[in-house]
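Undergrad: sequence isn't available, so here's the structure alone:
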């Protein structure tokens, strides 16, 4: 039993790190603009397909696709922002409908271009098993975990130390006050959307290397990312990482101790419990009070 | 003389133009397929098979011309119901069903209520034939898949079988049926149902490795799940002797997409690869399919081809008898008794095809010989044999 639990914990942490990568982008735009980008899962998927294009056409390592994936997701992110920016009334609600529609369009565009076949990496290097004591993983999963840590650290540094990062936090705290301080919220929001695009591109490539992608995957990714964001609470990047790991481990433990058929249900129960008892999320309460 | 010849030619051309439509009576039918959404991969293969059947049938005779209108049901039951209603109001004489028991169920209920014959090759749930729908017909069923797997297990005699099954309707039903039947046959069976949203199968495979210690992993799932399960098994390397699966696994496409994962994996099929079609209809289907889509026939497209041919012939018989508009199609469907690339097709009282049975094929270096049952085998099974 101990061996089962060890592997379960390890697998949960690895899966959680990918949840974190997917969720960071949605958390950033939600934190900065109070806008839930329901097309974020499709952006991640778009990046995953860029990895497929690079690997299948050139035979290169899928991680070489990150620049292309970034270019594509950044362009789409800019387009999404420009459309959201045109909303004059009830921006938070109308942007939900708008980004949902963009998600549907992106899913169908991916289906038209790449067909409905399932895709995943064929790189033996990424798929090879590696053992750490009595637990096992694929190289791609360990790599994704490290990438996730680096991306989280980079984002945290950017938000704390760069002018744009601080401006994002200022707009997030009080849009009107930030304008009085000479910040153009539109530029800052656009920057947040582009950074979310970068995060989606890394998440998509990581997802392609360790899992299977298909055109219908986008909404499931968005839901997972949204659950993680709410669990974490607004404004906490390390919180997103911790919440994602918690969700990953909870799901994996459910599979081991009960049944895999229950893992999504248990994840949702955790989500509801946090919403009920800690409406500001696991890591957002102190920031909100402050 | 010239004027006379001109007049005669004009007269002949005019008569042919008037007579042509009378010779080829157009019969409109409808189809709903999941061309987008989560089942799009299967839906598109079904659509291709159906289009080939329409072409083959229309070219095989000159009396009737079948015209099909396809509506994308987006892999959603509600859209499928709307599609059936729309096709009926547009005058479709019959409906070709889509894919997935949860979609076909409500769609065929609607078709039955509207008095339209509904045929499918993409829904295997037993519940579909237990509803008493008089206008429902299908060419494949759960029992056929179950028989194929049971036969293989009886030949291999493993010490235990771990069934890893998606909780979607069709895979769950197959898994439950197999759990019962294999247990009755004396095998130790452990069922591991999983949520379709799962991406990491290592915790499940670890249970197979450390708790079940079975010699066979049987996967009742879909393509994306197969990849995840085999990858997890490749990482954890449980002491199994074979990996076996249900539909859409023993296909050349799976090998070409995931060659490192498919070697020695066994799945249900009815044709070996390279395709060795023995009957004339199958050869014609393979040739036209290659001409239209530039690839070899596959599992789902063959099911769609057969269901469409069966329906087209029944429509033609009813039209010949002058009973198409007075409900004659139903009687003609019930009279169906024909060979096909899937084997003999007849329908019992509840519209099911009792003759449906599948063989088991094994991926071997890009080829898929049939390895079970022994009577239809085209190659010897590699056992124990794994993808790693």
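TA: Okay, I see it. Source: prediction; values computed, not measured.

Undergrad: please list all residues in contact with the residue in the stretch 101-250 of chain A positioned nearest to chain B.
TA: The minimum distance from the stretch 101-250 of chain A to chain B, using C-beta to the nearest C-beta, falls at residue A:116 (3.6 Å). No exception for glycine: its C-beta is placed from N, CA and C like everyone else's. Residue A:116 makes contact with A:214, A:215, A:216, B:36, B:40, B:41, B:43, B:44, according to C-beta atoms under 8 Å, 6 or more residues apart in numbering or on different chains.

Undergrad: recalculate using a threshold of 10 Å.
TA: A:110, A:214-216, B:34-45, B:75, B:223 (C-beta atoms under 10 Å, 6 or more residues apart in numbering or on different chains).

Undergrad: spatially nearest residue to residue B:261 (excluding sequence neighbours)?
TA: residue B:230 (4.6 Å; C-beta to C-beta, 6 or more residues apart in numbering or on different chains).

Undergrad: actually, residue A:85.
TA: Using C-beta to C-beta, 6+ apart, the closest residue to residue A:85 is residue A:186 (6.6 Å).

Undergrad: ok so, going back, restricted to helices, list the contacts of residue A:116.
TA: Using DSSP state H, the subset of these located in helices is A:110, B:40, B:41, B:42, B:43, B:44, B:45, B:223.

Undergrad: so the closest residue to residue B:172 other than its chain neighbours, which of the three states?
TA: With C-beta to C-beta, 6+ apart as the criterion, residue B:172 has its nearest non-adjacent residue at 5.9 Å, and that residue is residue B:165. At residue B:165, secondary structure determined by DSSP: H, G, I helix; E, B strand; the rest coil is strand.

Undergrad: quick check: bridge partners of residue B:165?
TA: residue B:193, residue B:220 (DSSP bridges).

Undergrad: quick one: contacts for it?
TA: By C-beta under 10 Å, 6+ apart, the neighbours of residue B:165 are A:260-261, B:171-176, B:178-179, B:191-194, B:218-221, B:225, B:246.

Undergrad: please repeat the previous calculation with a cut-off of 7 Å.
TA: Neighbouring residues of residue B:165 by C-beta atoms under 7 Å, 6 or more residues apart in numbering or on different chains: B:171, B:172, B:175, B:191, B:192, B:193, B:220, B:221.

Undergrad: what of residue A:165?
TA: A:158, A:159.

Undergrad: which helix or strand contains it?
TA: helix A:163-173 (DSSP states H and E).

Undergrad: for that helix, buried residues please.
TA: A:164, A:165, A:166, A:167, A:168, A:169, A:170, A:171, A:172 (16 or more other C-beta atoms under 10 Å in any protein chain shown).

Undergrad: averaged pLDDT, it. What do you get?
TA: Regarding helix A:163-173, the rounded mean pLDDT is 88.

Undergrad: show me how far it is from its chain's centre.
TA: 20 Å (C-alpha atoms, centre = their mean, to the nearest Å).

Undergrad: how about stretch B:157-176?
TA: Using C-alpha atoms, centre = their mean, the offset of stretch B:157-176 from its chain centre is 19 Å.

Undergrad: tell me how far the ends of that stretch are from each other?
TA: 20 Å (C-alpha to C-alpha, to the nearest Å).

Undergrad: would you mark the buried spots in it?
TA: Neighbour-count burial for stretch B:157-176 [16+ other C-beta under 10 Å]: B:158, B:160-176.

Undergrad: ok, stretch A:145-162 next?
TA: A:145, A:147, A:148, A:151, A:152, A:155, A:156, A:158, A:159.

Undergrad: thank you, goodbye.
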